[in-house]
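Asker: sequence and predicted structure are below.
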Amino acid sequence: MTRSSLIVAPSILAADFAHLADEAQAVEGAADWLHVDVMDNHFVPNLTIGRPVVQSLRKATHLPFDVHLMITDPDRWAIGYAEAGAHNVTFHAEACADPARLAAELRAAGSQAGLAIDRDTPVEPYLEILPHFDLILIMTIKAGFGGQRFLPEMLDKVRVARRHIDAGHLHLRVEVDGGIDADTIAAAAEAGADTFVAGTAVFGADDPTEAVRRLRATAERAG
Ligand code: DX5
Ligand code: ZN
């Protein structure tokens, strides 16, 4: 099995929102992407940031933005994040009637396209549209809040996605998001994830850069 190199994406949801530029720069030396959680108080009960913050933050760091839209009506809003310079825009399968079409629009707007699968959503119905995407994000918690406990039973979905991707020789990353830390990242890597979001485990650490390095090393050993 060929596996692309691992990516660690610290989530700024766990960072100090009054100092986002500093927090992003603090992990620039070790992180691959910066994970940006957009929540709208409708798709999830929580509320975070939107396009103006993403646009401003874009000028403050070289890290590619891995934008995770936890919003209703991504058909209306997702393209704006591609235009704001996101490397990747991931929207939720549960919020979109025609995910393949929106993925094509995102690619046309210059970003990569990601499909997110929340805790209570099976992955099987979406396997056949994966060729339209650059990434599938398997939630390992219920989307909405940082700092939740990792749900190991979600790794079955990671295995199903990984098997389908490898069997079809698809070029797609498998990302996990939620409760990823030094204790859980190995199991996610073994299941077939190659892209790891970590909020609390990075920005809650005394040394965020060192935390990213340790997470990567642990995932590399396991994967
Ligand atoms: C939650 C977000 C996650 C969150 C992860 O819905 O999608 O990206 O920041 O935070 P931790 O790593 O603390 O579980
Ligand atoms: Zn996220």
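Answerer: In hand now; what should we look at? Numbers count the residues shown, from 1 in each chain. Ligands and ions are numbered 1, 2, ... in the order given.

Asker: show me what P10 bridges to in the sheet.
Answerer: The residues paired with P10 through beta bridges, assigned by DSSP bridges, are A198.

Asker: surely it and D37 touch.
Answerer: No - with contacts counted by CB atoms under 8 Å, P10 stays clear of D37, the gap being 11.2 Å. Heads up, the C-betas are built off the backbone N, CA and C, glycines and all.

Asker: joint contacts of these two?
Answerer: Taking CB atoms under 8 Å, 6 or more residues apart in numbering as the contact rule, the neighbours common to P10 and D37 are G199.

Asker: the two: which has the busier surroundings?
Answerer: Neighbours of P10 and D37, each counted by other CB atoms under 10 Å, are more numerous for P10; the result is 32 against 24.

Asker: distance between the longest helix seen in the chain and the chain's centre?
Answerer: For the chain, the helix that runs over the most residues, judged by DSSP state H, is helix 208-222. Distance, stretch centre to chain centre, for helix 208-222: 17 Å (CA atoms, centre = their mean, to the nearest Å).

Asker: what's that helix packed up against?
Answerer: In terms of contacts (3 or more CB pairs under 8 Å, 6 or more residues apart in numbering; DSSP states H and E), helix 208-222 is packed against strand 7-10, helix 20-26, helix 185-191, strand 195-198, helix 200-203.

Asker: change it to 6 Å
Answerer: Helix 208-222 is packed against strand 7-10, helix 185-191, helix 200-203, with contacts defined by 3 or more CB pairs under 6 Å, 6 or more residues apart in numbering; DSSP states H and E.

Asker: of all the ones you listed, which lies closest to ligand 2?
Answerer: Ligand 2 sits nearest to strand 7-10 of all those, at 8.6 Å, using CB to the ion.
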